[in-house]
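Asker: pasted the sequence and its predicted model underneath.
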Amino acid sequence: MNKTPHVAVVGATGAVGIEMIKTLEKRHFPVGKLTLLASARSVGKKLKFKGQDVTVQELTKDSFAGIDIALFSAGGSISKEFAPIAAKAGCVVVDNSSAFRMDADVPLVVPEVNASDVKKHKGIIANPNCTTAITLMALYPLHQAFTVKRIFASSYQAVSGTGAKALEELERQVEQIVNKQPVTKEVYPHQIAFNVLPHVDSFLPSGYTKEEMKMENEGRKIMHHPKFKASVTCVRVPVFRAHSVAVSAEFEKPVTLEAARKAFANAKGLDVVDDPSSKRYPLALDVAGKDNCAVGRLRLDCAMDNGLAFWIAGDQLLKGAALNAVQIAECLL
Ligand SMILES: NC(=O)c1ccc[n+]([C@@H]2O[C@H](COP(=O)([O-])OP(=O)(O)OC[C@H]3O[C@@H](n4cnc5c(N)ncnc54)[C@H](OP(=O)(O)O)[C@@H]3O)[C@@H](O)[C@H]2O)c1
């Protein structure tokens, strides 16, 4: 890999794409040249990188000549069409969509868990689902210490997880309600302002949603733990940024709070915020815009043996998307 790679961001104008550009700059990724790609709607738009304006170009089949690394975040159908073209043109794709995550030939990577899987790539590397990535930041250190059997979890997912249009929808609905105007809906099937929706992604015949099953399927692949089980309820909440997840985990080995804290103390990218008597626990507002996830509300689970309950929060635009993608790109160097 070129030591100062030519990097492309596909979906540069989106909620994740904007964070990718900022993350490349913040982490001093040695970008030789930056190409920003989006739909025809955004052609000519200028986005700042290191104080310079970079003009957005239209994504086409010919966009990838000379590009070393392409960070994709323009949705699954765009990834399915263009990621293989980019890989064929000789560039390594880090894809944020769910298009390739479960392909046997495509590594699915959270660098704090399975960075060495990056080496197995054949042109495409997948970034995991945001709720899964954030949960694994706390679950994997516990798994290393006690071997996880299964989890029961509920997520509290921010609207920015749906993209830029959903951010506008929450803001607009709040204004409409405050101004006593009728509420209009474009993105979600129900009003999201002052509401919670137990519906993220589409429903499967089992009654779970696709999003809910990502925790088990992607968790197994990332942790190299094919027996891992996860029963999850994913919920959209009127939070602009950062997902939170309530997890009850059952382990093979006995768990103590002291040993769990020790496992977290050595975990990279994870802060322990756990002092309920001082009202200190992870909050979406506190982790928004931060690289690290935060875990707290640790307690021995009262409903199962060898169980631990915890609450984890993380910025899904960063650890769940842009930061994780740039970390994968760093592994390539
Ligand atoms: N949001 C999150 O927290 C999150 C987390 C993990 C993974 N992801 C995944 O990341 C991807 C992007 O999510 P997002 O939240 O950033 O969505 P978004 O805010 O809606 O942005 C979508 C981006 O894709 C571009 N795009 C749409 N149609 C295109 C086309 N035909 N050709 C080229 N570019 C096109 C858009 O460009 P225009 O501005 O020109 O329309 C925009 O830059 C999705 O696959 C999503 O599942 C998102």
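Answerer: That came through fine.
Asker: mean confidence for stretch 295-312?
Answerer: The average of the pLDDT scores along stretch 295-312 is 97.
Asker: likewise for stretch 271-280?
Answerer: Here the average pLDDT along stretch 271-280 is 97.
Asker: list the buried ones in it?
Answerer: Buried residues in stretch 271-280, defined by neighbour count with 16 or more other CB atoms under 10 Å: 271-274. Every C-beta, even on glycine, is put in place using the N, C-alpha and C of the backbone.
Asker: quick check, nearest of the residues you listed to the ligand?
Answerer: Nearest to the ligand among the buried residues of stretch 271-280 is residue 271, at 20.1 Å by CB to the nearest ligand atom.
Asker: state the distance from the closest one to residue 130.
Answerer: Distance of residue 271 to residue 130, given as CB to CB, to the nearest Å: 18 Å.
Asker: get me the contact residues on the chain for the ligand.
Answerer: Residues of the chain lying near the ligand by CB under 6 Å from any ligand atom: 11-17, 38-39, 41-42, 59, 73-76, 78, 96-97, 130, 160-161, 163-165, 316-317, 320-321.
Asker: what about the helices in the stretch 201-333 of the chain?
Answerer: 210-223, 257-265, 284-287, 323-332 (DSSP state H, counting those that start in this stretch).
Asker: who touches the closest residue to the ligand within the stretch 151-300 of the chain in this structure?
Answerer: Closest residue of the stretch 151-300 of the chain to the ligand, CB to the nearest ligand atom: residue 163 (2.9 Å). With contact set as CB atoms under 8 Å, 6 or more residues apart in numbering, residue 163 has these partners: 14-16.
Asker: rerun that using 6 Å as the cut-off
Answerer: By CB atoms under 6 Å, 6 or more residues apart in numbering, the residues touching residue 163 are residue 15.
Asker: who does the host helix or strand of residue 154 touch, helix- and strand-wise?
Answerer: Residue 154 belongs to strand 148-157 when assigned by DSSP states H and E. Other helices and strands packing on strand 148-157, by 3 or more CB pairs under 6 Å, 6 or more residues apart in numbering; DSSP states H and E, are strand 229-236, strand 243-251.
Asker: residues contacting it, please?
Answerer: 131, 200, 229-237, 243-252.
Asker: now these: which count as buried?
Answerer: Buried among the contacts of strand 148-157 (16+ other CB under 10 Å): 131, 200, 230, 232-237, 243-251.
Asker: taking the stretch 201-333 of the chain, what residue is nearest to the ligand?
Answerer: For the stretch 201-333 of the chain, CB to the nearest ligand atom, closest residue to the ligand: residue 321, 3.7 Å.
Asker: meant to ask about the stretch 1-150 of the chain, not that
Answerer: Counting by CB to the nearest ligand atom, the stretch 1-150 of the chain gets nearest the ligand through residue 14, at 2.1 Å.
Asker: and that residue, what does it touch?
Answerer: Contacts of residue 14 by CB under 6 Å, 6+ apart are 73, 164.
Asker: distance of it from residue 81?
Answerer: 16 Å.
Asker: and the residue nearest to residue 326 when sequence neighbours are not counted, how far is that from residue 83?
Answerer: Sequence neighbours aside, residue 23 is the residue nearest to residue 326 in space, at 4.6 Å (criterion: CB to CB, 6 or more residues apart in numbering). According to CB to CB, residue 23 stands 20 Å off from residue 83.
Asker: ok but the residue nearest to residue 326 is inside a helix, no?
Answerer: Yes - the assignment for residue 23 by DSSP: H, G, I helix; E, B strand; the rest coil puts it in a helix.
Asker: and it, what's its pLDDT?
Answerer: 98.
Asker: again with residue 266
Answerer: In this model, residue 266 is scored at 88, pLDDT.
Asker: so how many other residues sit close to the residue nearest to it when sequence neighbours are not counted?
Answerer: Closest residue to residue 266 apart from its sequence neighbours, by CB to CB, 6+ apart: residue 141 at 7.0 Å. Using other CB atoms under 10 Å, residue 141 is surrounded by 22 other residues.
Asker: quick one: residue 141 and residue 252, what's the gap?
Answerer: For residue 141, the distance to residue 252 - CB to CB - is 15 Å.
Asker: circling back to that earlier point, just put the helices of the stretch 201-333 of the chain in TSV and tack on distance to residue 175.
Answerer: Listed next are the helices of the stretch 201-333 of the chain as TSV, based on distance: least, CB to CB, whole Å:
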stretch	distance to residue 175
helix 210-223	28
helix 257-265	40
helix 284-287	20
helix 323-332	31
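Asker: where along the stretch 1-150 of the chain do the strands fall?
Answerer: Using DSSP state E, counting those that start in this stretch, the strands of the stretch 1-150 of the chain run over 6-10, 33-38, 46-49, 52-58, 69-72, 92-95, 124-126, 148-157.
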